[in-house]
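*Asks:* no sequence on this one, just coordinates:
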């Protein structure tokens, strides 16, 4: 019973931990990805005022400086087809941003962020940066490890509490079983000390009451047998005397044997 209770609590605890920690782990990963995307978008947007108003040489110097300082590749696609910063090809997202729509897209290398910058006389300029997978998942593994350790700790605590609770249930039941076996072996003075939950204490009290009632019935039975023996002694003695007084020896012997 103790093992079954512990197993039941362990199963329920694991299900509860999984139900809470798995969505939380997914939320942490999504938050890390969004945080990295926001940082990359902010860096790319910081180029927008320069790209939209400055001359090509100033734009080139600014882009090269940002590309050198940033861990992410940064590219600027000018309307005439020139690519400044990190070398990159025109992806479908860049082509779409060239029509004036900023967006993010998933790629094999990570998440692509493209920003359309309008305002130049020669057309729309596109700023492109890629958030690597490593940056989007930075710290996620450590957070998942902490969540796993926390879930394991919660399950172990639940098992410890369940084991203690099961012990409080199993010990009184064992005592009840031991006392019942003693009563079955004619140890009528055996009694149980009621303990545990209210239901088990009630069972212990009922068992003690049953043992006391058995003792009372046995005492009454002994008294009745003694009284019956006393009542029969006088008439049997009288019959024996009358049998001995019979004249026929055979009849006397037969009646005495019957008595």
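*Replies:* Arrived safely, thanks for sending. Here the structure is a predicted model, which is why all the values come from computation and not from measurement.

*Asks:* All the helices of the stretch 151-259 of the chain, in order from the start?
*Replies:* Using DSSP state H, counting those that start in this stretch, the helices of the stretch 151-259 of the chain run over residues 198-244, 249-258.

*Asks:* and the angle from the last one to helix 198-244?
*Replies:* Orientation note: helix 249-258 sits at an angle of 170 degrees relative to helix 198-244 (axes from the mean of the first three to the mean of the last three Cα atoms, to 10 degrees).

*Asks:* Helix 249-258: which residues count as buried?
*Replies:* In terms of neighbour count (16 or more other Cβ atoms under 10 Å), helix 249-258 has its buried residues at residue 255. Glycine gets a C-beta too; all of them are placed from N, C-alpha and C.

*Asks:* Show residues contacting it.
*Replies:* 239-240, 242-246 (Cβ atoms under 8 Å, 6 or more residues apart in numbering).

*Asks:* Quick check on these: which are buried?
*Replies:* residue 243.

*Asks:* about what we covered before: mean pLDDT for the helices of the stretch 151-259 of the chain: which is lowest?
*Replies:* Confidence, taken as mean pLDDT, is least for helix 249-258 of these (a mean of 80).

*Asks:* if we can go back for a sec, minimum distance to residue 96: which of the helices of the stretch 151-259 of the chain has it?
*Replies:* When the helices of the stretch 151-259 of the chain are compared by Cβ to Cβ, helix 198-244 sits nearest residue 96, at 71.4 Å.

*Asks:* which helices and strands does that closest one pack with?
*Replies:* With contacts taken as 3 or more Cβ pairs under 8 Å, 6 or more residues apart in numbering; DSSP states H and E, helix 198-244 sits against helix 140-184, helix 249-258.

*Asks:* can you put the helices of the stretch 151-259 of the chain in CSV and add distance to residue 106?
*Replies:* Shown next, in CSV, are those (distance: least, Cβ to Cβ, whole Å):
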stretch, distance to residue 106
helix 198-244, 60
helix 249-258, 112
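
*Asks:* nearest to residue 24, of the ones you listed?
*Replies:* Closest approach to residue 24 among the helices of the stretch 151-259 of the chain is made by helix 198-244 (38.9 Å; Cβ to Cβ).

*Asks:* just the helices and strands packed on helix 198-244: most buried one?
*Replies:* Greatest average neighbour count among the helices and strands packed on helix 198-244 goes to helix 140-184 (a mean of 14), per mean count of other Cβ atoms under 10 Å.

*Asks:* sec struct for residue 80, please.
*Replies:* coil (DSSP: H, G, I helix; E, B strand; the rest coil).

*Asks:* Which residue comes closest to it once chain neighbours are left out?
*Replies:* residue 122 (6.6 Å; Cβ to Cβ, 6 or more residues apart in numbering).

*Asks:* ok, the one you found - contacts?
*Replies:* Per Cβ under 8 Å, 6+ apart, neighbours of residue 122: 78-80.

*Asks:* If you rank these by neighbours, which is first?
*Replies:* Highest neighbour count within the contacts of residue 122, by other Cβ atoms under 10 Å: residue 78, with 18 neighbours.

*Asks:* Next up, phi/psi of that one, please.
*Replies:* phi -80, psi 160 (degrees, to the nearest 10).

*Asks:* can you list the domain ranges for the protein.
*Replies:* 1-138, 144-235 (the TED database).

*Asks:* Sounds good, over and out.
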